[in-house]
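A structural model of the following input is requested.
(2 chains)
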Amino acid sequence: MNRIDSRFAALKAAGRTGLIPFVTAGDPWPEHVVALMHALVESGADVIELGVPFSDPMADGPVIQHASERALDKGVGLGDVLDWVAAFRQRDSDTPVVLMGYLNPIEIHGYARFAAESLRAGVDGVLVVDCPLEESAVLAPLREAGLRQILLAAPTTAPERLSQLCAAAEGFLYYVSFAGITGAARLSTTDIAARVADVRAHAKAPVAVGFGVRDAASARAIAGFADAVVIGSALVERLEGAASAEEIAGRVAAFLRPVREALDTH
Amino acid sequence: MLEIRDFHAFPDAHGRFGQFGGSYVAETLMAPLAELTEAYLRLRQDPAFIAELDRDLTHYVGRPSPVYFAERLTKHVGGARILLKREDLNHTGAHKINNTVGQALVARHMGKTRIIAETGAGQHGVASATVAARLGLKCVVYMGATDIERQKINVYRMKLLGAEVVPVTSGSKTLKDALNEAMRDWVTNVADTFYIIGTVAGPHPYPLMVRDFNAIVGREARAQLLEQYGRLPDVLTACVGGGSNAIGLFHAFLNDRDVRIVGAEAAGEGIATGHHAASLAAGRPGVLHGNRTYVLCDDNGQITETHSVSAGLDYPGVGPEHAFLKDAGRAEYVGVTDDEALEAFHLLARTEGILAALESSHAVAQAIKLAREYPSDGIVLCNLSGRGDKDVHTIAAREGVQV
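Numbers count the residues shown, from 1 in each chain, chains lettered A, B, ... in the order given. This next block holds a predicted model:
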């Protein structure tokens, strides 16, 4: 069974809301990515979203774009990211890992090769931001290899399209809680609650809500109606400038533990 | 190789030109793109909209632009006749206005009150600010910080026209980063904002829409050739960055199989040096800025920085229809270096009294090469896409002249 599916099944059985932190692979330091991933798990992560740096991250805000640039400046490539996942798997065989990124690095790497290497490394799912359902035929080799293709849905998604996304969803459906880029703006929780309830009623997979979740309070507000909460920019921002594995782990704990607690006590 | 019966049948309903094009964007953009596609597909068949556009093209842009026989240049080169399609004579001095006039009308029909645009050299920014001023729409132009420094005059022009110019400091601080930033603005402000993309790239329906608005160039030229010379040209040429002026000239001729088509890309300091912007001649298929096309990227799939003396050609991707025409064998794409373009710039200035834009000078250089391949009764039709006033400082600086 795919780790994403078993993790969400376990969360459901325990009545818990999942916590999905996002970090950009290679930021703040390539040599500490594996330690960072373990730190995320120790601070309560249920699924790890690992960003694959890309030169032109059109759908991301400035925080993640700059993290991407810092990682690229240090020479991080897709091959490194897969190596780090494999290294992470030596000590953690349970926590699902989703790679999040853009299509061109995968295209250039080769879809079949990427699928085989991801599987071997221990990747469980892939979220390709600029590959909507209409274009995802190219990702068939990934799905055939057993990787979950994580799809996005947004408040602007038209009803008919939303049904298609709900029907096609696997692993989890990532609901982008406002119309914008990652890390920006405030969200009106009552509005999202109603929409997410509707999506959850129809989606074949659990629904994770993200974009704009910044702290324990905003996470708690979402916990009541989502299967999982995604936190990205706010965490990446906290990690900027952390100099050592210990400092990274310390910042992760300080930021993520209150969120975990909020999710468990909502 | 693909066997294509009708080149005018593309793109398909998904915006695909064979394997190229499409809509490679985040979910948040799917709804605005669908809204735009629906509106545009309706308007492009609406006689009232077409009449409105024609009126603007005639009375505001100054169309039709002439086809001019460059007789002294032809004599100097010694080969086929070189004809220039004078897009440099349009209002604002380039073909860019054909597209912005069209998109601004679409924006108004969609009830949008705010225009955003990305710009490299500033030409598209100026053309966008121009139409926004005319229609009374608010205008925000995203421009790389490096380009702002290089193109101060155009930045000031945009401000004079009432536009706000936002510097983009991410990435390489040039055109591609400005495009990323404009896309972000659109996602965030989609309710009242219309994004005018300046070239035939981006997600569907932009490659279709921008091509349609520029295709007037080739339609006019084809009719002008038939009327004035009683025949079609032997070969067409135009410069290709994103490729809007080129597709504008080429499109009407795509099904005229006897007309050869050659696109001139920026070979910069030479393709072998790696300092160039020749996506088709030296790149590979990939995905950038919402469409599948030829891109310049490294083995990790990261988009690489480009170089050209001409800011308007300095782009690591290219419109998907060009990628399609290349793979279908319908058009050839070749590199023209900075030096060759500058030489052509000077030659055209001295033989014809025309200062061409550095972008267009690439096409002139290619036209000169092509003219030598054909007999003296042959015809090379070259798109002179813009005027060179904006480039005189660049040229002076490069040649060590104090202005």
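
where along chain A do the helices fall?
A:3-14, A:33-42, A:62-73, A:78-89, A:103-109, A:111-121, A:140-144, A:159-168, A:189-202, A:216-223, A:233-239, A:245-265 (DSSP state H).

restrict the shortest one to CA atoms and write it as PDB.
What that stands for is helix A:140-144. Extracted C-alpha coordinates of helix A:140-144, given in PDB (Å, rounded to 0.1, in the frame of the first residue of the first chain):
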ATOM      1  CA  ALA A 140       1.200   8.400 -16.800                       C
ATOM      2  CA  PRO A 141       4.500   6.600 -16.200                       C
ATOM      3  CA  LEU A 142       4.600   8.000 -12.600                       C
ATOM      4  CA  ARG A 143       1.100   6.800 -11.900                       C
ATOM      5  CA  GLU A 144       1.800   3.400 -13.400                       C
END
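
can you list contacts of it?
Residues outside helix A:140-144 that contact it (Cβ atoms under 8 Å, 6 or more residues apart in numbering or on different chains): A:111-112, A:114-115, A:118, A:126, A:149, A:170. Bear in mind the C-beta positions are built from the backbone N, C-alpha and C, glycine included.

quick one: buried ones out of these?
A:111, A:114-115, A:118, A:126, A:149, A:170 (16 or more other Cβ atoms under 10 Å in any protein chain shown).

which one of those is nearest residue A:236?
Using Cβ to Cβ, residue A:126 comes nearest to residue A:236 of these, at 19.5 Å.

which residues touch the closest one?
By Cβ under 8 Å, 6+ apart, the neighbours of residue A:126 are A:98-100, A:106, A:118, A:139, A:142, A:147-150.

ok, residue B:8 next?
B:251, B:254-255.

could you dump these to CSV with distance to chain A?
Formatted as CSV, these follow (distance: Cβ to the nearest Cβ, whole Å):
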residue, distance to chain A
B:251, 25
B:254, 25
B:255, 28
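
out of those residues, which is most surrounded?
residue B:251 (23 neighbours; other Cβ atoms under 10 Å in any protein chain shown).

residue B:13: neighbour count?
For residue B:13, the count of nearby residues is 8 (other Cβ under 10 Å).

A strand includes it, no?
No: assigned with DSSP: H, G, I helix; E, B strand; the rest coil, residue B:13 falls outside any strand and is coil.

quick one: contacts for it?
Counted by Cβ under 8 Å, 6+ apart, residue B:13 has zero contacts.

coming back round to it: return the most buried member of the helices of chain A.
helix A:103-109 (a mean of 23; mean count of other Cβ atoms under 10 Å in any protein chain shown).

send the alpha carbons of it over as PDB?
The C-alpha trace of helix A:103-109 is given here as PDB (Å, rounded to 0.1, in the frame of the first residue of the first chain):
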ATOM      1  CA  LEU A 103       7.300  20.000 -15.000                       C
ATOM      2  CA  ASN A 104      10.400  21.000 -16.900                       C
ATOM      3  CA  PRO A 105      13.000  19.300 -14.500                       C
ATOM      4  CA  ILE A 106      11.000  16.100 -14.700                       C
ATOM      5  CA  GLU A 107      10.500  16.300 -18.500                       C
ATOM      6  CA  ILE A 108      14.300  16.800 -19.000                       C
ATOM      7  CA  HIS A 109      15.100  14.000 -16.500                       C
END
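
mind listing residues that contact it?
Against helix A:103-109 from outside (Cβ under 8 Å, 6+ apart): A:52, A:54, A:77-79, A:114, A:126, A:128, A:130-131, A:138, B:24, B:284-288, B:295, B:297, B:299-303.

how about the residues of the stretch 101-250 of chain B by chain A?
Contacts of the stretch 101-250 of chain B with chain A, taken as Cβ under 8 Å from any Cβ of the partner chain, map to B:170-171, B:176-177, B:180, B:183-184, B:187-188, B:190.

which ones among these map onto strands?
Nothing among these maps onto strands, per DSSP state E.

pick out the lowest-pLDDT one from those residues.
Lowest pLDDT of those: residue B:171, 80.

now the contacts of residue B:8 in CSV, with pLDDT, distance to residue B:197 and secondary structure?
Shown next, in CSV, are the contacts of residue B:8 (pLDDT from 0 to 100; distance: Cβ to Cβ, whole Å; DSSP: H, G, I helix; E, B strand; the rest coil):
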residue, pLDDT, distance to residue B:197, secondary structure
B:251, 98, 17, helix
B:254, 98, 22, coil
B:255, 98, 26, coil
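
sorry, back to before: can you pick out the most distant pair from the contacts of residue A:126?
A:106 and A:148 (14.9 Å).

just the contacts of residue B:8 now: which is nearest residue B:358?
Nearest member of those to residue B:358, counting by Cβ to Cβ, is residue B:251, at 24.0 Å.

and the residue of the stretch 101-250 of chain B that's closest to chain A?
Nearest residue of the stretch 101-250 of chain B to chain A: residue B:188, at 4.4 Å (Cβ to the nearest Cβ).

so what's the residue count around that residue?
The burial count for residue B:188: 17, using other Cβ under 10 Å.

let's see the longest strand anywhere in chain B as CSV, backbone CA atoms only.
The single longest strand within chain B, with elements called by DSSP E, is strand B:260-268. Extracted in CSV, the C-alpha atoms of strand B:260-268 (Å, rounded to 0.1, in the frame of the first residue of the first chain):
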residue,chain,number,x,y,z
ARG,B,260,10.0,29.2,-48.0
ILE,B,261,10.0,30.4,-44.4
VAL,B,262,13.1,31.3,-42.3
GLY,B,263,13.1,32.6,-38.7
ALA,B,264,16.1,34.4,-37.5
GLU,B,265,17.0,33.8,-33.8
ALA,B,266,19.5,35.7,-31.7
ALA,B,267,22.7,33.8,-31.9
GLY,B,268,24.3,36.4,-29.6
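
in which helix or strand would I find residue B:195?
For residue B:195, the element it lies in under DSSP states H and E is strand B:193-196.

still on that earlier bit, mind picking the two most distant members of the residues of the stretch 101-250 of chain B next to chain A?
Spatially, the most separated pair among those is B:171 and B:190, at 23.0 Å (Cβ to Cβ).

pairing partners for the host helix or strand of residue B:143, with directions?
Counting by DSSP H and E, the element that carries residue B:143 is strand B:138-144. For strand B:138-144, the paired strands and their directions (DSSP bridges) read strand B:114-119 (parallel), strand B:164-168 (parallel).

quick one: which of those strands is nearest residue B:216?
Closest among the strands paired with strand B:138-144, using Cβ to Cβ: strand B:114-119, at 20.1 Å.

now the chain, which segments are flagged as low pLDDT?
Assuming you mean chain A. A:178-187, A:211 (pLDDT under 70).

not what I meant, chain B
B:1-2.

may I see the buried residues of the strand holding residue B:143?
Counting neighbours by 16+ other Cβ under 10 Å, strand B:138-144 gives B:139-144 as buried.

packing partners for the next helix or strand after that strand?
Counting by DSSP H and E, the element after strand B:138-144 in chain order, helix or strand, is helix B:145-150. Using 3 or more Cβ pairs under 8 Å, 6 or more residues apart in numbering or on different chains; DSSP states H and E as the contact test, the elements touching helix B:145-150 are strand B:164-168.

what residues does the strand it packs on touch?
B:125, B:139-145, B:148, B:155, B:158-159, B:177-178, B:180-181.

switch the cut-off to 10 Å
Strand B:164-168 has contacts (Cβ atoms under 10 Å, 6 or more residues apart in numbering or on different chains) with B:116, B:118-119, B:122, B:125, B:129, B:138-149, B:154-159, B:173-182, B:185.

what distance separates that strand from the centre of its chain?
How far strand B:164-168 lies from its chain's middle: 21 Å, per Cα atoms, centre = their mean, to the nearest Å.

how about that strand: buried residues?
Quick answer for strand B:164-168 (16+ other Cβ under 10 Å): B:165-168.
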